[in-house]
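need a structure here:
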Amino acid sequence: MFELERFSFIAAIAAFGLFIIFEILRMIMRRRAPKAGGVWEKDTLGTVFAVSGLIFITISIIARAIITGHGPFSNMYEFSLSFSWGVVAAAIYFDWRFKLATIRNWAILAAFILLLFASTLPSRPVPLVPALQQSFLLSAHVAAAIVAYGTFTIGFVSAALYLVMSHRKKSDKSQLELIDRISYQSVVIGFPFMTLLIILGALWAHIAWGRYWGWDPKETASLVTWLLYAGYLHARLVPRWRGTRAAILLVIGFGAVLFTFFGNYIFSGLHSYI
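Model prediction:
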């Protein structure tokens, strides 16, 4: 089972690497020969690589869960693997729904970088510390984080793309409106899961440490992240805050997501063991 986990992990990296190479070649060929047709016109092969990578990550996570007897929540290697799964799943979903491959491509590049980061981390399973032995609750907590962080990555990519395209002299207004809509929809999906993430974390904290909230650095960072995305949803109700200002707020919000995710390397506190 350990061999299956490692093979699937490496295969996922290879699949996303091939995806990135194919998409770069496809972009070059379409610019040089817009009517080239064939494999460069259709994105079928890119979709195959993306879906294959998602399947391999899924197999790796399941195999590791069988090996360890718990969900992917005991260390940064498992968190990074789960985060990348959430990003790719969200990228494929939004590509299927909105048919805008550019956002999918950049999101999968982010997932690929996350997997490369995970490959540098210790992956050997170790016994759970007492605070992590509430397996079901922690699994639900991490599952909520996977959906929230995955969709927030789509929001960040689309917001960044909006900011770049809006400063071009010849920007397609309908395209900008679609990108802005994708940004909003990503937060509409992710924000309830971010809320659930904090609630489940509080319940876990009560079981593990005897209190629901203790202003631990990572708890505080999660709350700040939640407030930023709540602010974004509120800003969308104000017409003059839509577009560029909302996109900037999403970029800041995702910065808070990364700050929270990598907080183990920054913060001390009760979450430092992960």
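
Okay, now the unreliable bits of the stretch 1-150 of the chain?
33-41, 126-135 (pLDDT under 70).

any idea how far A90 is from S84?
Here the criterion is C-beta to C-beta, to the nearest Å. By it, A90 lies 11 Å from S84. Where you see a C-beta, it was placed from the backbone N, CA and C, and this is true even at glycine.

Between these two, point out the one with more neighbours.
Using other C-beta atoms under 10 Å as the criterion, A90 and S84 rank with S84 on top: 31 against 28.

The helix or strand hosting that one: how far from the chain's middle?
S84 is part of helix 76-98 when elements are defined by DSSP states H and E. On the basis of C-alpha atoms, centre = their mean, to the nearest Å, helix 76-98 sits 5 Å off its chain's mean C-alpha point.

A50 contacts F19, correct?
Yes: look at A50 against F19 with C-beta atoms under 8 Å: they come within range, at 5.5 Å.

Give me the common contacts of those two.
I108 (C-beta atoms under 8 Å, 6 or more residues apart in numbering).

sorry, back to before: please name every helix or strand in contact with the helix holding S84.
Helix 76-98 sits against helix 2-32, helix 44-68, helix 101-119, helix 135-166, helix 173-209, with contacts defined as 3 or more C-beta pairs under 8 Å, 6 or more residues apart in numbering; DSSP states H and E.

got the angle for it vs helix 101-119?
170 degrees (axes from the mean of the first three to the mean of the last three C-alpha atoms, to 10 degrees).

Okay, buried residues for helix 76-98 please.
76-95, 98 (16 or more other C-beta atoms under 10 Å).

In PDB, list the C-alpha atoms belonging to it.
In PDB, the C-alpha atoms belonging to helix 76-98 read as follows (Å, rounded to 0.1, in the frame of the first residue of the first chain):
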ATOM      1  CA  MET A  76       2.000  19.500   6.300                       C
ATOM      2  CA  TYR A  77       2.700  16.800   3.700                       C
ATOM      3  CA  GLU A  78      -0.900  15.500   4.100                       C
ATOM      4  CA  PHE A  79      -2.300  19.100   4.200                       C
ATOM      5  CA  SER A  80      -0.400  20.000   1.000                       C
ATOM      6  CA  LEU A  81      -1.600  16.900  -0.800                       C
ATOM      7  CA  SER A  82      -5.200  17.600   0.200                       C
ATOM      8  CA  PHE A  83      -4.900  21.300  -0.700                       C
ATOM      9  CA  SER A  84      -3.700  20.400  -4.200                       C
ATOM     10  CA  TRP A  85      -6.600  18.000  -4.600                       C
ATOM     11  CA  GLY A  86      -9.100  20.700  -3.700                       C
ATOM     12  CA  VAL A  87      -7.500  23.100  -6.200                       C
ATOM     13  CA  VAL A  88      -7.500  20.700  -9.000                       C
ATOM     14  CA  ALA A  89     -11.100  19.500  -8.300                       C
ATOM     15  CA  ALA A  90     -12.300  23.100  -8.200                       C
ATOM     16  CA  ALA A  91     -10.300  24.000 -11.400                       C
ATOM     17  CA  ILE A  92     -12.000  21.100 -13.300                       C
ATOM     18  CA  TYR A  93     -15.400  22.000 -12.000                       C
ATOM     19  CA  PHE A  94     -15.200  25.600 -12.900                       C
ATOM     20  CA  ASP A  95     -13.700  24.800 -16.300                       C
ATOM     21  CA  TRP A  96     -16.700  22.400 -16.900                       C
ATOM     22  CA  ARG A  97     -19.200  25.100 -15.800                       C
ATOM     23  CA  PHE A  98     -17.800  28.200 -17.300                       C
END
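
any idea of the angle that helix forms with helix 44-68?
Using the same axes, to 10 degrees: helix 76-98 against helix 44-68 is 150 degrees.

relative to helix 2-32, how tilted is helix 76-98?
40 degrees.

pLDDT on whichever strand or helix holds T220, on average?
In the assignment (DSSP H and E), T220 maps to helix 217-235. The average of the pLDDT scores along helix 217-235 is 90.

mind checking how far that helix is from the chain centre?
The mean C-alpha position of helix 217-235 is separated from the chain mean by 16 Å, C-alpha atoms, centre = their mean.

If you count neighbours, what's buried in the helix or strand following that helix?
Following helix 217-235 in sequence order, the next helix or strand is helix 244-261 (DSSP H and E). Neighbour counts over helix 244-261 (16+ other C-beta under 10 Å) mark 246-250, 253-254, 256-257, 260-261 as buried.
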